[in-house]
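In: I'll drop the sequence and a predicted model, then ask my questions.
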Amino acid sequence: MRGRARNEAQEQAGTTGWGRSAVVTRAAMTSAAVASALAMSALPIAAESGVVFDNVGVELDYLRAPAANFPQLVELLEGSLEGQGLAFATIPEQLPGRVRGVPGVAVFDYDGDGDLDIYATQGPGRAGSLFANQLAETGRVWFHDLAVEAGVGAEDMDAWGVCYGDLDNDGDEDLILTGNGEPNRLYVNNGAGAFDFMPDSGIGGGNSHSTGCGVGDVDGDGLLDVSVVNNWDQKDFAPCFRANLVDEVEHNHLFRNLGGNRFEDISETSGIRTLEGNKDADGNALDIAGITWGHAMADVDLDGDIDILYADDQCEILPVKQGGPLDRGYVHVMLNDGTGHFVDQPMAEVPESSSTWMSIAFGDYNCDGNLDMFLSSFGDYAFNNIGVPNAVGDHSSRWVLGRGDGTFEEVGLNPELTATPFGWGNAALDYDNDGDQDVVFIGGLDQLLVNQSDNPGTLLANQGCTATFTAEIEAIPTNYSRHNVQGLAAGDLDQNGFTDFVTVSNLRLPDELPLQLGQPAGGPLDATAAFYPAFAPTDDSLAFWRWLGVEYGQGELTVELNRGDNGNRWIAVNTIGTVGLIAGARSNRDGIGAVARVTPHGGKTVMRPVHVGNYTSAHARQGNFGLGAARFATVEMVWQGKTRNKLYGVRHGETIDFPEIPCSYDGDFGTGQYLQCLRRSFRDLRRAGVVERHLQGRLLWSALVARLEYRFGG
């Protein structure tokens, strides 16, 4: 077995998961844990593509502070060592949830120097980190934490999620932090390397328990609006086990940008809180909020406006398909009518749609021109480790293929993949620049009695843009099994044209701690599907449990740089919306909401929506596109509102700052009107100075060629 998979570890560990029907005593559990230590060290073996990620040489001073309810957990753990221990039946109502917080990470250029920086959220009493990339200044990737100096330390906040966007269209990125039981915060970039806190912005959301945020222009007015997703007060895990969630789980929020960094709450009037999919066993609709972890804002039906998708968690309630009381774990596709009003179109027709969804990654995985999704979920190993019945496939992370109208088709896992591990953060990226989009996802969970550690870092490689994925086990040598990874954000940090990614965890399992292998699911990832039993039963009845006494370390921030040494070519695209700069323009300054289509010479067209926000975290806006062996590519931008621009002859290694030109090559223009529109737009572009002159000439020539092709089929 290559890389991290170890036959000898599997032989030692066996299948000692708690999902087995045999009763496991505390003594047997403990001895099995000691005997089944997994040798999880990384080996420097190249992946089949020749591309490997590397975290050597980039060190970040970050340790995640625990949440405010951490002392409550410590008291319960120590109390479990006395008397009978904790009663199994009441553990969900005794143990507090997410006690080490839910850290998020964003990759973005906060200071406008052309390289990507990193922000990571923190728990109360410790400043968040704004790691300024020094690539532009020194020529190498290293980071300097400037959060406190820049005014975004937020030391007094239990911050979970983070997202960013140019909310005031002034040319720099503003920052949003979501709060756990406290108001969200807006920090406005002042353009001088620092931020101003806006406590009265209107995006606070009260004292909701908010996971993540995202930005998108839902009403088409050229201003970015803000979406925030919520869950419940993590004083205990009870909402995960109860069918009635009306009074416990919190509805999500949507805030409309009024300009001047002021927002209004349109959550009730926008339709986002009307969830059509949630039903009981009799098929009756339920007026309940979903447990939303991840979400995304993008034009999923490609009709020119921004839709919202919520990844809701079925949690511990069995769905109707398994004989349970209700379905609540849908991916809710909230389709926009163009005015900022949404109608839920849940993915109920997908056979395995009711699941424990975590986050969403967009791409066109089969190159058919429709937007597809990869959905992280609980995986095929975790439930078995705590004795909950779980058929392989019920909770797999999976991809679904878009039909172009906002509906999606379930395609199932490849036969050779069979099963997937637990996943929180994810990203769609062409990791080897071969011209199609791959997927990376990682995640761990402190799951009451066990710590779920079955995902050492999973990269699924797309095979020739067919949406057939295989696991590249050696592509991520770093072993994340001991990192309880929460947030993941992707972007090209070293500007070598290959996409890197950053992870942040809320705890770390000590290296000397023995991990166990759970029940196998029959796939190639079985050999690393580990877990750690934090508790053991006090007797054969399994009625009472005691803590095993192992203290976890604090979570860390890790940068994985893509070596990108396989010889494949690439281009990068930055979008520039020109509302307020060019007459007739509609797109916000970041160009969020646009869709980029890139066609390498002789290759297939791939598509990437420009969006910001997922589970706790936010990827870079810049799109990196692999060309394989091609030297040139054509870039088409479809802006919000469906204006279409093209740029031909983009050369390998180019980074293009593509501006919105409000003269769509497929528009209904009379004689001479298209040329007049172009002349006016390029005059305004020159005055604004947002794009260099040589590129403007190429854009003008491309606009004329695109119009001729459209009219005459060139």
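Out: Great, that's in hand.
In: Would you mind listing where the stretch 201-350 of the chain has pLDDT under the threshold?
Out: 244-246, 348-350 (pLDDT under 70).
In: where do the strands sit along it?
Out: 210-216, 225-230, 253-259, 262-265, 279-280, 292-298, 307-312, 326-327, 331-336, 342-346 (DSSP state E, counting those that start in this stretch).
In: Now do the second one: which elements does it pack against?
Out: Counting by 3 or more CB pairs under 8 Å, 6 or more residues apart in numbering; DSSP states H and E, the packing neighbours recorded for strand 225-230 are strand 210-216, strand 253-259, strand 292-298. Where C-beta positions appear, they are placed from N, C-alpha and C, glycine not excepted.
In: Just the endpoints, please. Distance across stretch 397-405?
Out: Taking CA to CA, to the nearest Å, stretch 397-405 runs 23 Å from one end to the other.
In: Would you mind pulling the contact partners of it?
Out: When contacts are defined by CB atoms under 8 Å, 6 or more residues apart in numbering, stretch 397-405 is touched by residues 300-302, 347, 350, 352, 365-366, 368-377, 379, 408-413, 420-421, 423, 426, 439, 441, 467, 469.
In: Can I have the buried ones of those as a ChimeraX selection?
Out: Here is the ChimeraX command that selects only those of the contacts of stretch 397-405 that count as buried (16 or more other CB atoms under 10 Å):
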select :300,301,302,347,350,352,365,366,368,370,371,372,373,374,375,376,377,379,408,411,413,420,421,423,426,439,441,467,469
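In: Run a quick neighbour tally on the closest residue to D113 other than its chain neighbours.
Out: Nearest residue to D113, sequence neighbours excluded (CB to CB, 6 or more residues apart in numbering): A136, at 4.3 Å. Neighbourhood size, A136 [other CB atoms under 10 Å]: 14.
In: Just confirm A136 contacts D115, I think it does.
Out: Yes. Using CB atoms under 8 Å, A136 is in contact with D115, at 4.7 Å.
In: Distance check, the residue nearest to D113 against D446.
Out: According to CB to CB, to the nearest Å, A136 and D446 sit 38 Å apart.
In: Check A543 too.
Out: Using CB to CB, we find A543 at a distance of 23 Å from D446.
In: V99 contacts L73, doesn't it?
Out: Yes. V99 is in contact with L73 according to CB under 8 Å; the separation is 4.4 Å.
In: next one: phi and psi at Q94?
Out: phi -100, psi -50 (degrees, to the nearest 10).
In: That one: how many residues sit nearby?
Out: For Q94, using other CB under 10 Å, the count is 17.
In: right, and it touches L86 too?
Out: Yes. Under the criterion of CB under 8 Å, Q94 makes contact with L86 at 6.0 Å.
In: Identify the contacts common to these two.
Out: In contact with both Q94 and L86: L76, using CB under 8 Å, 6+ apart.
In: helix/strand/coil for the residue nearest to D113?
Out: At A136, secondary structure determined by DSSP: H, G, I helix; E, B strand; the rest coil is helix.
In: wait, what's in contact with it?
Out: 113-115.
In: Using CSV, lay out those residues together with distance to V228, secondary structure and pLDDT.
Out: Putting the contacts of A136 into CSV (distance: CB to CB, whole Å; DSSP: H, G, I helix; E, B strand; the rest coil; pLDDT from 0 to 100) gives the following:
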residue, distance to V228, secondary structure, pLDDT
D113, 29, coil, 96
G114, 30, coil, 96
D115, 28, coil, 97
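In: Bridged to F53, which residues?
Out: N562 (DSSP bridges).
In: Likewise for T458?
Out: F441.
In: residues contacting the closest residue to A106 other than its chain neighbours?
Out: Once flanking residues are discounted, A106 sits nearest to A618: 4.1 Å by CB to CB, 6+ apart. If you count contacts by CB under 8 Å, 6+ apart, A618 has them with 104-108, 162-164, 214, 489, 612.
In: Over to A132?
Out: Taking CB under 8 Å, 6+ apart, we find A132 in contact with 110-111, 117, 143-146.
In: ditto for G443
Out: Per CB under 8 Å, 6+ apart, neighbours of G443: 358, 376, 421-425, 455, 485-486.
In: Just to be sure, it is in a strand?
Out: No. Per three-state DSSP, G443 lies outside any strand segment and is coil.
In: how far away is it from A194?
Out: Separation of G443 from A194 (CB to CB) stands at 33 Å.
In: Tell me where this protein is predicted with low confidence.
Out: Ranges of the chain meeting pLDDT under 70: 1-49, 244-246, 348-353, 387-389, 714.
In: so where do the helices sit in it?
Out: For the chain, the helices defined by DSSP state H occupy 7-13, 26-35, 70-79, 91-94, 135-138, 147-150, 238-241, 673-688, 693-712.
In: So which of these is nearest P199?
Out: Ranking the helices of the chain by proximity to P199 (CB to CB) places helix 147-150 first, at 17.2 Å.
In: buried set for the closest one?
Out: Under 16+ other CB under 10 Å, the buried positions of helix 147-150 are 147, 150.
In: same question, stretch 58-77
Out: Across stretch 58-77, burial judged by 16+ other CB under 10 Å covers 58, 60, 62, 64-70, 72-73, 76-77.
In: before we move on, the earlier item: for R680, state which of the contacts of G443 is nearest.
Out: G425 (43.6 Å).
In: give the contact list for Y431.
Out: 49, 51, 53, 438, 440, 459, 461, 475, 498-499, 562.
In: top of the residues you listed by neighbour count?
Out: Top of these by neighbour number is T499, holding 31 neighbours under the definition other CB under 10 Å.
In: so what's that residue up against?
Out: 427, 429-431, 490-492, 562, 624.
In: Just the residues you listed: which are in strands?
Out: Mapping the contacts of T499 onto strands (DSSP state E) picks out 427, 429, 490-491, 562, 624.
In: can you dump the C-alpha coordinates of stretch 380-389 into CSV?
Out: C-alpha atoms of stretch 380-389 as CSV (Å, rounded to 0.1, in the frame of the first residue of the first chain):
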residue,chain,number,x,y,z
ASP,A,380,-19.3,6.6,5.2
TYR,A,381,-17.3,5.9,8.4
ALA,A,382,-18.3,8.2,11.2
PHE,A,383,-21.7,6.9,12.1
ASN,A,384,-20.5,3.3,12.3
ASN,A,385,-18.0,4.4,14.9
ILE,A,386,-20.7,5.4,17.3
GLY,A,387,-23.1,2.5,16.6
VAL,A,388,-25.6,4.4,14.4
PRO,A,389,-26.8,2.2,11.4
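In: List the buried residues of that stretch.
Out: Quick answer for stretch 380-389 (16+ other CB under 10 Å): 380-386.
In: A543 and D446: which is more packed in?
Out: Using other CB under 10 Å as the criterion, A543 and D446 rank with D446 on top: 21 against 14.
In: show me the contacts for that one.
Out: Here D446 is in contact with 98-100, 452, 484, 506-507, 534, 552 (CB under 8 Å, 6+ apart).
In: What is the nearest of these to G518?
Out: Looking across the contacts of D446 and measuring by CB to CB, the closest to G518 is Q452, at 8.9 Å.
In: Now that closest one: closest residue in space that isn't a chain neighbour?
Out: L445 is the one closest to Q452 (CB to CB, 6+ apart), at 4.2 Å.
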